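**Student:** Next one to model:
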Amino acid sequence: MSKIEFIAYDKLKNEIVKKDLYISCNGQVREQEYQGFLDPTDRYEIMFYIGLYSTDTVEKIYEGYIVEFDDSEIGGSKIIGEVSYCNDLTLVNSPCFGLWTKKGFNSNFGLGKIKILGNIYQHKNLLD
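**Tutor:** Next comes the predicted model:
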């Protein structure tokens, strides 16, 4: 079984949380306490690790990150978008991670340089 890695955006504190959170079998997010778990909360937005790293800082890339993807060295272009999971089969052949940009969903993601610019919760202006 694979370990599912995630971080979360804390809506209350306006920050990214990287530890002490758990997802229950029914999808509820719970905080760990010294001797158990606190009640479920909707305070967090879960951001799943997508299996890729940034090429400049070698940081893990999570769903909800805003990244600059550049494959211009192999004939592509430079785009900025939000890392997202898409299972809409009218847009992609099979469910996958990719980038939501101003032009739509781009699933050709991962064959170029990737630079993390921010995240959708704290830096939404980067998509303007």
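**Student:** ok, the most centrally placed residue in the chain to residue 111 distance?
**Tutor:** The geometric centre of the chain, computed from its C-alpha atoms, lies nearest to residue 63 (C-alpha atoms, centre = their mean), at 1.2 Å. Relative to residue 111, residue 63 is positioned 19 Å away (C-beta to C-beta, to the nearest Å). Heads up, the C-betas are built off the backbone N, CA and C, glycines and all.
**Student:** Least confident secondary structure element in the protein?
**Tutor:** strand 36-37 (a mean of 54; mean pLDDT, DSSP states H and E).
**Student:** what does the model give residue 66 for pLDDT?
**Tutor:** pLDDT for residue 66: 96.
**Student:** My read is that it contacts residue 128, right?
**Tutor:** No: assessed by C-beta atoms under 8 Å, residue 66 is found out of contact with residue 128, at 10.9 Å.
**Student:** Pick out whichever of those two has more residues nearby.
**Tutor:** Ranked by neighbour count (other C-beta atoms under 10 Å), residue 66 and residue 128 place residue 66 first, with 23 against 6.
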